[in-house]
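Undergrad: Got a sequence here, can you build the structure:
(one chain, ligands or ions: 2)
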Amino acid sequence: MKIQQIDVWQKDLPIAGPAYKMALQTLTALDTTLVRITTDSGLQGWGEVCPLGPAYQPQHAAGARAAIGEIAPHLLGENPLLAEQVNQRMHQALCGSLYAKSAIDMACWDLAGKAYNARVCDLLGGAAREVIPSYYAIGLSSPEQAAEVAVKKQAEGFRRLQLKVGGRTLEEDIACVRKVAENLQPGTALAVDANRGLNVNDAIQLSAACQDIRFIFEQPCQTYEQCLHLRGKLHHPLWLDEVIEDINSLLRAVRDNAAEGFGMKQSRIGGISQMRTAREICAVAGLPMTCDDSWGGDLVAASCVHLGATVSASLFAGTWIAAPYIDEHYDQQHPVTLTQGALQLPQGAGLGVTPDSVRLGAPAMTFCL
Ligand code: 0XW
Ligand code: MG
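TA: Ligands and ions are numbered 1, 2, ... in the order given. Take a look at the predicted model:
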């Protein structure tokens, strides 16, 4: 099998409802990139990458398309079923830009599923579950608003909530954590996620002020070193997210005993192939993880659900998807949707989601043999 053609689409993803507010970013719309690989056998595989705006991490939508444009000509004629070889060719064509490469990697896994008539989760070792627990991220808001969302989302079936903090006074953060905690049902887990928005002092003080409340403290400070400095000074398990930029940084964090868990975003580390490695590292280290991404539509969502399905129950903390903030589905017949706070594994070969290319319109770029 050979890659015959690579098509690339740009698509706007306006946020349905209020802006998505985190410590260092407020978002009202996202810009996503869809990739379709067509092979000489006629099979097609799809991928997607959607950075969380241009300032969240060293990734941005136009950069993803530019990187894919640099890489694509070097992939024509390659066998997409040889994922490792495709990744090596991508690294030979372009250094870095793992997020952009994740869309190509995803399309190769989608293709492999179609070629072997298997779901991506089955190619990854099999699904430990067919219904994958999700979690809901409560954006920066007042204590009352955050508590209201917490009550509503638990009523919808979510059993893990992530509360955004940071980028405001410590008192506001403490008040929000306490108010949400008062409204947690027994069995609902809480993650307090600063998205790097706290300094070391405030992180220590927030943990101390809320030491009577059970939560995991996710990515409190800007840098790996600042988070490492917190070790032994917090009253809560520390999870890392944004600073885990690739497999090597995950290995370093495990070696340094830097965290009790990880908020993993598949595009940041390079896609499904890399997330499979991250899953194995976390399993060996006995450290829990989420299977998320920064943003994205049905393709990203399906990829995260397939990955989440394969993480062992004792180490799986949930799969977040952006669907609650997106008004449309790429594949009307097989949308990836939330039900009772959980996600149904897409059925069908590969990702189980096939965007309607007619609705997408003309590709922004096409590369062909
Ligand atoms: C909640 N997420 C997985 C979605 C947003 O991209 C932020 C992210 C996080 O946990 O930081
Ligand atoms: Mg996070």
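Undergrad: I'd like the distance between the spatially most central residue of the chain and residue 74.
TA: Here the mean C-alpha position of the chain is nearest to the C-alpha of residue 293 (Cα atoms, centre = their mean), at a distance of 1.2 Å. Counting by Cβ to Cβ, to the nearest Å, the gap from residue 293 to residue 74 is 25 Å. From N, CA and C alone the C-beta is placed, and that goes for glycine too.
Undergrad: Residue 236 too?
TA: Taking Cβ to Cβ, one finds residue 236 at 46 Å from residue 74.
Undergrad: These two: which is more packed in?
TA: Looking at residue 236 and residue 74 with other Cβ atoms under 10 Å, you find the greater number of neighbours at residue 236, namely 23 against 15.
Undergrad: so that one makes contact with residue 218?
TA: No. Judged on Cβ atoms under 8 Å, residue 236 makes no contact with residue 218 at a distance of 9.7 Å.
Undergrad: Could you tell me which residues of the stretch 201-350 of the chain lie near ligand 1?
TA: The stretch 201-350 of the chain comes close to ligand 1 at residues 241, 263, 292, 294-295, 320, as judged by Cβ under 6 Å from any ligand atom.
Undergrad: Which ones among these also lie next to ligand 2?
TA: 241, 263 (Cβ under 5 Å from the ion).
Undergrad: how about stretch 305-317: buried residues?
TA: By 16 or more other Cβ atoms under 10 Å, the buried positions in stretch 305-317 come out as 305-311, 315-317.
Undergrad: quick one: the strands in the stretch 51-200 of the chain?
TA: 131-133, 136-138, 160-164, 189-193 (DSSP state E, counting those that start in this stretch).
Undergrad: What residues does the stretch 51-200 of the chain have near ligand 2?
TA: residue 193.
Undergrad: Name the residue of the stretch 51-200 of the chain that lies nearest to ligand 1.
TA: Nearest to ligand 1 in the stretch 51-200 of the chain, going by Cβ to the nearest ligand atom, is residue 137, at a distance of 4.0 Å.
Undergrad: Tell me how far that residue lies from residue 57.
TA: 16 Å.
Undergrad: rewinding a little: between residue 236 and residue 218, which contacts overlap?
TA: residue 192 (Cβ atoms under 8 Å, 6 or more residues apart in numbering).
Undergrad: give me the residue from the stretch 1-150 of the chain nearest ligand 2.
TA: residue 137 (8.0 Å; Cβ to the ion).
Undergrad: what's the nearest residue to that residue if we skip its chain neighbours?
TA: residue 162 (4.5 Å; Cβ to Cβ, 6 or more residues apart in numbering).
Undergrad: How many neighbouring residues does residue 245 have?
TA: For residue 245, using other Cβ under 10 Å, the count is 19.
Undergrad: for the residue lying closest to residue 17 once chain neighbours are set aside, what are its contacts?
TA: Distance criterion Cβ to Cβ, 6+ apart; nearest residue to residue 17, sequence neighbours excluded, is residue 325 at 6.6 Å. Taking Cβ under 8 Å, 6+ apart, we find residue 325 in contact with 15-17, 20.
Undergrad: Give me the phi and psi angles of residue 325.
TA: Backbone torsions for residue 325, taken as degrees, to the nearest 10, come to phi -110, psi 10.
Undergrad: For the residue of the stretch 251-369 of the chain found nearest ligand 2, give its distance to residue 92.
TA: Nearest residue of the stretch 251-369 of the chain to ligand 2, counting by Cβ to the ion: residue 263, 3.9 Å away. The spacing between residue 263 and residue 92, counted by Cβ to Cβ, is 30 Å.
Undergrad: which residues of the stretch 51-200 of the chain fall in helices?
TA: 61-75, 83-93, 98-116, 120-123, 143-155, 170-182, 200-209 (DSSP state H, counting those that start in this stretch).
Undergrad: Of all those helices, which one comes closest to residue 38?
TA: Residue 38 lies closest to helix 98-116 among these, at 9.3 Å (Cβ to Cβ).
Undergrad: contacting residues for residue 75?
TA: Neighbours of residue 75 in contact, by Cβ under 8 Å, 6+ apart: 3, 6, 37, 86, 89-90, 93, 104.
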